[in-house]
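>>> with the sequence up front, the predicted model follows.
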Amino acid sequence: MNDMVGIVIVSHSRDIAKGTADMVRQMVGSEVKVAFCGGNSDGGLGTSVPLIIEAINQAWSPKGVAILVDLGGAETNSEMAVEMLQPEQRDLVVVCNAPIVEGAVMAATEAAGGSSLEQVRAVAEELSAA
Amino acid sequence: MSLEPETLKTLVRAAAEQVIASTAELTALDQAIGDGDHGVNMKRGFEAVLGKLDTIGALPPDEALKTIGKTLVMTVGGASGPLYGSFFMAAGDALSQSRRLPDDLAEIFAFGVGAVSARGRSQPGEKTMLDVLFPVLETLRAAVGNPDLIERVRMTATEATARTAPMQATKGRASFLGQRSIGHVDPGARSSCVLLHAVCDTLEARQ
């Protein structure tokens, strides 16, 4: 099978991140790698750079990884996590400007068809353009 | 002013302790216009920095700053982690690139401020920590070498923090509130002020 872009879901709440990943698996299937993280290192609401890096590695694909985030800190921490990856990984990870649930489902659907990282991102980001 | 290992350790300890002592105040400010986690997040980050104090104190200043930055990035858990983390990592990079203290203090600080601005895609006037960091940078540029530099930095930080109250937030969580963000001091501006005051107080006590 061809490689597919991996999807990472980053929410301030682990429950939201997990629920979003569940929806993606049900609606798109399990052939696309989906990883999620939510909450800070104390188990409270927030996002954590080490957990985001771990999720990126879990969802890793040679075609790249698309990250979907909820609010500001999730985006800032995701961008930071991308910068802290190995240089050869860095260019293959994007943070999508899209709503987290709809964006994750649309991105995973596009990824399942074998699309490139840029196509996956574009489909997710069309949701924000409307 | 030199940055000997003991000075650096004392500065880092004072800054961390002052931030931790301000947890309740930062929480209250953030509950007014944010999500209420700034105090706890900063406390978590600076407790982690305190835990590495001996390691940090043994490093050359540029590596010490980068280690502080990376520790904050990895532990804070909110947007302030990457923002403050980027400040310290960029300032450390500036020191690595043959800039020297105290002569290049303003330029090194400018690297840090630039990194915060880039990371947050934000400019002064948007009710953020940049509304303290930029005025302090201006003061450093104008007054490095002056005997009253410390006092001027402290005053600038205090006044700039107060000036965030009438601003309307256009960045971060507070921007969701629109006009309702007006009338509250920005929590990130206040934590920057706390850090700057801790550094000023410590340097003054050592003079």
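That came through fine.

>>> assign residue A:67 to helix, strand or coil.
Counting by DSSP: H, G, I helix; E, B strand; the rest coil, the backbone at residue A:67 sits in strand.

>>> so who does it touch?
For residue A:67, the contact set (Cβ atoms under 8 Å, 6 or more residues apart in numbering or on different chains) comprises A:7-10, A:52, A:56, A:78, A:82, A:93-96. For the C-beta atoms, the positions are set from N, CA and C on the backbone; glycine is no exception.

>>> in chain B, what residue comes closest to chain A?
Per Cβ to the nearest Cβ, residue B:77 is where chain B lies closest to chain A, at 3.3 Å.

>>> neighbours around that residue, how many?
Residue B:77: 28 surrounding residues under other Cβ atoms under 10 Å in any protein chain shown.

>>> host element of it?
Here residue B:77 sits in a region with no helix or strand, counting by DSSP states H and E.

>>> residues contacting it?
Listed by Cβ under 8 Å, 6+ apart, the contact set of residue B:77 reads A:40-42, A:44, A:46-48, A:73, A:77, B:37, B:41, B:44-45.

>>> from residue B:107, how far out is it?
Distance of residue B:77 to residue B:107, given as Cβ to Cβ, to the nearest Å: 31 Å.

>>> pull out the buried positions in the longest helix along chain B.
In chain B, taking DSSP state H as the definition, the longest helix is helix B:187-206. Buried positions in helix B:187-206, judged by neighbour count with 16 or more other Cβ atoms under 10 Å in any protein chain shown: B:187-200, B:202-203.

>>> ok, stretch B:158-170 next?
For stretch B:158-170, burial by neighbour count (16+ other Cβ under 10 Å) applies to B:160-161, B:163-164, B:167-169.

>>> cool, and stretch A:86-101?
A:89, A:92-96, A:98-101.

>>> return the member of these nearest to residue A:35.
residue A:93 (12.0 Å; Cβ to Cβ).

>>> what bits of the chain have low per-residue confidence?
You didn't pick a chain, so chain A it is. A:1-2, A:130 (pLDDT under 70).

>>> my bad, the chain I had in mind was chain B
B:1-3.

>>> which helix or strand lies directly C-terminal to the helix or strand containing residue B:118?
Assigned by DSSP H and E, residue B:118 belongs to helix B:105-120. Downstream of helix B:105-120, the next assigned helix or strand under DSSP H and E is helix B:130-143.

>>> fine by me, thanks again.
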